[in-house]
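1. with the sequence up front, the predicted model follows.
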Amino acid sequence: MPILLNWMDKLHKNKQFERKILTDNIVKNILFVVTILCASVIVFIVLFILLRGMSPFINGYEINGKIYTVDIFKFIFGTTWFKTPNLYGVGFIIVNTVYVVSLTLILAVPISVLTALFITRIAPDKVGKSISYIIELLASIPSIIYGLFGLGVITTVVKNLSNFFGYQSAGGISTLSSAIVLAIMIIPTITMIASTSIKAVSQDLINASLALGASPTQTNFKMVLKSARSGIFSGIILGVGRALGEATAISMVAGNSGNGPTFNFFDTTRTLTTTMLLGLKETTGLDYDIRFSVGIVLIVIIIGSNILLNFFNRKLEK
Amino acid sequence: METVFNINNLNLFYGDNQVLKKMNLSIPKNKVTAFIGPSGCGKSTLLRCLNRMNDLIESCKITGDITYGNTNISEINPIELRTKVGMVFQNPNPFPMSIFDNVAYGPKCQGIKNKAALNEIVIEALKKSSLYDEVKDRLNANALGLSGGQQQRLCIARCIAMKPEVILMDEPTSALDPIATLKIEELLYNLKKDYTIVIVTHNMQQASRISDYTAFFLLGEIIEFNKTVDLFKNPQNKKTEDYITGRFG
Amino acid sequence: MRRIKDFILNGITYVSSGIGIFILIAILVFIFRNGFGSLSMSLLTSDYYQTTYNTNIIDSTFYKLGDFEDPKIENSFFSETWGISLKNGNNVAGEKIVEINYVAVSSPFKSMNDVATGEKREIGKGYALSKIIMTNENDDFIMALAKDGAEEVVKKLEQATIITDMIASTGGGGIRGSLLTTLYLIILTLTLALPTGICAAIYLHEFSLNNRLTRFIRIMIDMTSGIPSIIFGLAGAVIFIPFMNGVINSNGGSIASGALTLTLILLPIIIKTTEEALKVIPVNYRSASLALGASKTQTIFKVVLPNAVSGILTATLLSIGRIIGESAALIYAVGTAIKDNVAINEKSTSLAVHIWSLMSGENPNFALASAIAIIIMIIVFILSISVKLISQRLNKIKVGN
């Protein structure tokens, strides 16, 4: 009889253990499916935008009795963007976007790198940490508030500046305002990454430099920056990505000009993101769908610039 | 015997911890002086005093003095001092730049910009470090691609490019294989005609091979200082004898 | 010569850092100066849209006029005839108004005729009077306007026996709708995103093998975090709006479609932060649990997750910050219509999108926008400090291990 009880007990326990393993497998599979879903988010996003964005070039839209399809070549190389009479050209907008982001980098990179150098190597410990925290705080401010600040303050400054140069600007809404606002937004990003790279330069190398009779400042500018160059460049690449994708803040200070490209600092400009965001009146129709086409262009430009800049980074390393 | 450094009653503290105790020593000119002794006895610490690298450590305090030539070291601008007293470290630490830029770094910091002048300085330094033949075709290649021994010779070339009077070496071969070590020992033998060399080493055989004078350190004190031949053949102090014969350390 | 060069180089690093500090201060000063005046409890609780009522009291035989007791409220002017107290004030947009701040229990104002609906309506405390047309005993017309000021209006009221036409409004410039919307968005999004993200993090850290597939999955998730939010907005509009239209009977954008879009944005953040928290937990804990005969699932739920709580909390706080700050994605996935009555299957604006709506029209309202900005900044600041405190505690645990 005890043998029977023993045997039944073992059977019961075996079933328990089998059940545990079964549970583990079920859980693992469920979690796997969830993970695959998360990973495929990007695929769905690109797919759906592609589908809707290709529509203006393929389907006909009825507007005021006529049927319109957008010519893809006129779209890519066009220099005007007007809703009526459906003159949609994104060519000049691409040029504008690259131009504004370049201006942004010219403003943001020196300030970011120098600030990072200051925080990590020049300032006393507590001061460095405080400024570092201020930079982190700036990084967490939502873009709409930067846009508000841009509209309220930056445009006024630029307006006064343009008056000083005798040029009539549209109340400060301009290319320059856009570049300044974007620069303010990406400085925290680049500064934080540059700080990390600079901190990673080993004390050995710094000792070597000082032992050769270089002053601390020379060590910082000649050796530390050079050693941290690759990391700093990665930070810049991240900043470029952010600047290209920023929509809300720049839409408040750019103006959305109808043709271009615009190179004058004080003229209004139109970028890929402002085109997508401004003038959003209907949620169907050609004017809505064409924004998805612009979205495709934005994705291409972001991926393209990423690949290009990373290529340069690797070449510089050699 | 002409001396380059005179160390008088030097005490050094890291915070409350006394690391160097009442040191007295004179470093002879154009000779190789070796600092030997077990780990943690203050050899490297004293070495770092000679080019004021200890200034970088906040808790470090010194009493007594060191004179370089006729002047007290504390009265000389440390940056200027380091142009005359160079240092090579235990782990080769070339900058992540080209071989040329590494050697030219020091002179550039001193304001030498002329390309021809820099070229001359770099080639001469590399030749003196017995490295030129091995790298002459790839001066623009990244220095990190060199072997450990080559990197260390590069660091020596980098140091020599400054035309210092003294070269301080902190266990320069302990991270290298025997063949690379041998090459550097040969190099030191040639360098001593032009430079005063102070070398910290764990390797007693190395000390007896290459140095003219040897100082034996123990627990923050200098136990004995003499011509190398004499110190190793006839150590005056029993502790020295114990260390040399391997009874401890 | 080199000293001078060194000094200049050092100097420009000081200047650059100064610029960063200056910008933060400038932003804070700007929004406080413009918005502080508008901050008040009524801002948080009132409707955005003003409701204007057209009322009258024609038949005074139903009411007893006069002999109301003055409650003697400070800075107010009391009408004995009608039993109300008026004061000068500012509305939420900062404009001058004449506001009712007391109505006696038996005052006629408690039950006026609403011209539009024909029903009785109380025009009571908090209402702003724009215009009153009255007649006195001699049938003369008296008109009182808000710009006359409270004292003057009360004087005129004292002479009147009939109010033939009164225009009063309530509410206006409040952000209750947007506050509620933001809250709904946070709750909905976190409910969807947290479990999903945590599940993925658990799979990646506890179950996955380091093979090509896993590396591929990680790359895909990493790339998702680099997508700009407007692209998420486009995708959300084209994927979730039609989907929600079918499911919950919405018409165009809705809070629900917004929440789904925000979920996509937050997934990479939640996965990464949770994984970091999982990494901190020592392997020993897991080994001990498994050695006791627990299954992997039991180990995860009983041992690992409870210890990862601070990391999950960090992920939550970061997500809330992101939701509150998000604008471009919601403009597309939800819409920009400011609402007072908020429902999950309808459009509405979050706080950030409310600012966008205020500023993108013909008349940008800096005051109200800045007030909302102050609220957002305070929340962001609190979240930022909280995250920092939690990560400091996490680091202490790391060092302790």
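-> In hand now; what should we look at? In this text, all values refer to a predicted model and were calculated from it rather than measured experimentally.

2. the chain: helices as residue ranges?
-> Looking at chain A here, since you left the chain open. Secondary structure of chain A by DSSP state H: the helices cover A:2-58, A:72-77, A:91-117, A:125-139, A:143-149, A:155-164, A:175-199, A:203-211, A:216-218, A:225-227, A:229-245, A:248-253, A:272-277, A:286-317.

3. meant chain C actually
-> Going by DSSP H, chain C shows helices at C:2-35, C:41-45, C:150-159, C:176-202, C:212-224, C:229-248, C:255-280, C:283-291, C:296-299, C:305-307, C:309-325, C:328-333, C:351-359, C:366-400.

4. show me what the second one is packed up against.
-> By that I understand helix C:41-45. helix C:176-202 (3 or more Cβ pairs under 8 Å, 6 or more residues apart in numbering or on different chains; DSSP states H and E). In this view, the C-beta of every residue, glycine as well, is placed from N, C-alpha and C.

5. so how far is the helix it packs on from its chain's centroid?
-> 15 Å (Cα atoms, centre = their mean, to the nearest Å).

6. is that helix positioned near chain A?
-> Yes: Helix C:176-202 is in contact with chain A by Cβ under 8 Å from any Cβ of the partner chain, via C:Thr196, C:Gly197, C:Cys199, C:Ala200, C:Ile202.

7. ok, the residue nearest to B:Ile57 when sequence neighbours are not counted - contacts?
-> Closest residue to B:Ile57 in three dimensions, ignoring its sequence neighbours and counting by Cβ to Cβ, 6 or more residues apart in numbering or on different chains: B:Tyr14, at 7.2 Å. Each residue near B:Tyr14 by Cβ atoms under 8 Å, 6 or more residues apart in numbering or on different chains is listed here: B:Ile57, B:Ser59, B:Cys60.

8. over to B:Gly106?
-> B:Gly106 neighbours (Cβ under 8 Å, 6+ apart): A:Leu212, A:Gly213, A:Ala214, B:Thr83, B:Arg158, B:Cys159, B:Ala161, B:Met162.

9. just the residues you listed that are near chain C?
-> Among the contacts of B:Gly106, chain C is touched by none when using Cβ under 8 Å from any Cβ.

10. so which of those wins on neighbours?
-> Most neighbours among the contacts of B:Gly106, by other Cβ atoms under 10 Å in any protein chain shown: B:Arg158, with 31 neighbours.

11. quick revisit: so can I have TSV of the residues of helix C:176-202 next to chain A showing pLDDT?
-> Listed next are the residues of helix C:176-202 next to chain A as TSV, based on pLDDT from 0 to 100:
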residue	pLDDT
C:Thr196	95
C:Gly197	95
C:Cys199	94
C:Ala200	95
C:Ile202	93
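
12. drop anything exposed from those residues.
-> Listed as buried from those are C:Thr196, C:Gly197, C:Cys199, C:Ala200, C:Ile202; burial here means 16 or more other Cβ atoms under 10 Å in any protein chain shown.

13. tell me how many other residues crowd the nearest residue to the second one once chain neighbours are set aside.
-> When you say that, I think you mean C:Gly197. Using Cβ to Cβ, 6+ apart and skipping residues adjacent in sequence, the residue nearest C:Gly197 is C:Ile270, 3.0 Å away. Residue neighbour count, defined by other Cβ under 10 Å, stands at 26 for C:Ile270.

14. list the residues that contact C:Ile270.
-> Per Cβ under 8 Å, 6+ apart, neighbours of C:Ile270: C:Ala193, C:Leu194, C:Thr196, C:Gly197, C:Ile198, C:Ala201, C:Ala315, C:Ser319.

15. how many neighbours does residue 129 have?
-> Just so you know, I chose chain A. By other Cβ under 10 Å, neighbour count at A:Lys129 equals 12.

16. please go with chain C instead
-> Residues near C:Leu129, counting by other Cβ under 10 Å: 22.

17. got the confidence number for it?
-> In the predicted model, C:Leu129 carries a pLDDT score of 88.

18. now C:Asn395
-> At C:Asn395, pLDDT is 73.

19. roughly how far apart are the closest residue in space to A:Asp71 that isn't next to it in sequence and C:Lys279?
-> Excluding its sequence neighbours, the residue lying closest to A:Asp71 (Cβ to Cβ, 6+ apart) is A:Phe57, at 7.6 Å. With distances taken as Cβ to Cβ, to the nearest Å, A:Phe57 is found 47 Å from C:Lys279.

20. out of these two, which sits in the busier spot?
-> The neighbour count for A:Phe57 versus C:Lys279, taken as other Cβ under 10 Å, is higher for A:Phe57 (15 against 12).

21. thank you, goodbye.
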